[in-house]
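Colleague: Just the structure for this:
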Amino acid sequence: MIQFLKLKSSIIVIIILATLLILTTTGAAVYFYFQYQATAKLLPGKTAAVDESKKIIEMVGKLIQLPENEQPSVATVTDPEKLKDQPFFARAKTGDKVLIFNNAKKAILYDPIANKIIDVSPININTSSPSANLANKTPTPMPLKIALYNGTDVVGITARVEKELKDKIDNIDIPIKENAKKKDYPDTLIIDLIGNKPQVVEQLAKVLKGKISTLPDGEVGTNLAEIMIIVGADKK
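Modeller: Predicted coordinates:
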């Protein structure tokens with residue numbers, strides 16, 4: 001009888017130890033599982049990048065009408081100093097985002113800190129040599145289109161101003177050279193026809209030593225150019 005009781009006690013002890021071992025192992029497994037889950041959330045990955053891009057697109061979509069039926073690429077400006085020679089990036093800062101719509105041929109420069117659109121530009125997508133300054137493709141802005149009008153009685157003065165502009169400023173196109181309605185403009189006027197190129201207008205005013213102006217009475221704007229320059233008598 002005594003031996004039976006000893007045997008029974010030994011079996012009970014073994015069962016208790018086995019149970020404790022199972023619970024300990026299971027507890028460790030559960031602990032490490034939750035530790036893994038917590039750690040995984042801290043690791044950057046593709047999902048996080050996709051979520052960030054979606055958030056950026058949604059925020060920009062609240063500020064401006066985006067092209068329909070197209071998912072843009074989202075790039076990040078990492079070295080704005082190397083992009084300053086491109087008018088599109090003239091006001092870009094590190095961390096700004098660029099939404100690139102390949103089909104619509106449009107790029108949007110967006111400041112996520114200020115939640116503000118910095119610039120919008122038609123683009124040619126350069127896929128052969130992507131820039132190291134952006135996380136994805138770099139938009140190459142279309143040439144700045146300038147309309148030149150002769151506001152004097154001097155024949156050929158717009159040709160001289162055109163040469164001066166092209167010698168000092170890269171990536172410009174002058175599709176229009178016409179006579180202004182009036183011939184007695186004393187100063188050369190620089191006019192932002194679309195209203196979103198303040199820094200470009202300032203640059204042109206410095207280059208030509210002209211004055212920033214609104215469209216003078218009697219003159220007619222054009223949809224073939226972004227900037228209108230009326231050459232004045234100061235260029236004689």
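Colleague: Surely N179 and Y149 touch.
Modeller: Yes - proximity of N179 to Y149 meets the contact threshold set by C-beta atoms under 8 Å, at 6.7 Å. All C-beta atoms are positioned from the backbone trio N, CA, C, and that covers glycine.
Colleague: which of those two has more neighbours?
Modeller: Y149 (22 against 13; other C-beta atoms under 10 Å).
Colleague: Excluding covalently adjacent residues, which one is nearest to the residue nearest the centre of the chain?
Modeller: For the chain, the residue nearest the mean C-alpha position is V98 (2.2 Å; C-alpha atoms, centre = their mean). By the measure of C-beta to C-beta, 6 or more residues apart in numbering, the closest residue to V98 outside its immediate chain neighbours is A75, 4.4 Å from it.
Colleague: and that neighbour, what element?
Modeller: A75 is part of strand 73-76, with elements assigned from DSSP states H and E.
Colleague: List the pairing partners of that strand within its sheet, with orientation.
Modeller: Strand pairing for strand 73-76, determined by DSSP bridges: strand 97-101 (antiparallel).
Colleague: Now find how far off-centre the strand it pairs with is within its chain.
Modeller: The chain centre lies 5 Å from the centre of strand 97-101; the measure is C-alpha atoms, centre = their mean, to the nearest Å.
Colleague: Now do it, average pLDDT.
Modeller: Average pLDDT, strand 97-101: 90.
Colleague: Can you show me the CA trace of that strand as CSV?
Modeller: Coordinates of each C-alpha in strand 97-101 appear next as CSV, following Å, rounded to 0.1, in the frame of the first residue of the first chain:
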residue,chain,number,x,y,z
LYS,A,97,7.0,65.9,-52.7
VAL,A,98,6.6,65.7,-56.5
LEU,A,99,3.5,64.0,-57.9
ILE,A,100,4.3,62.8,-61.5
PHE,A,101,1.4,62.0,-63.8
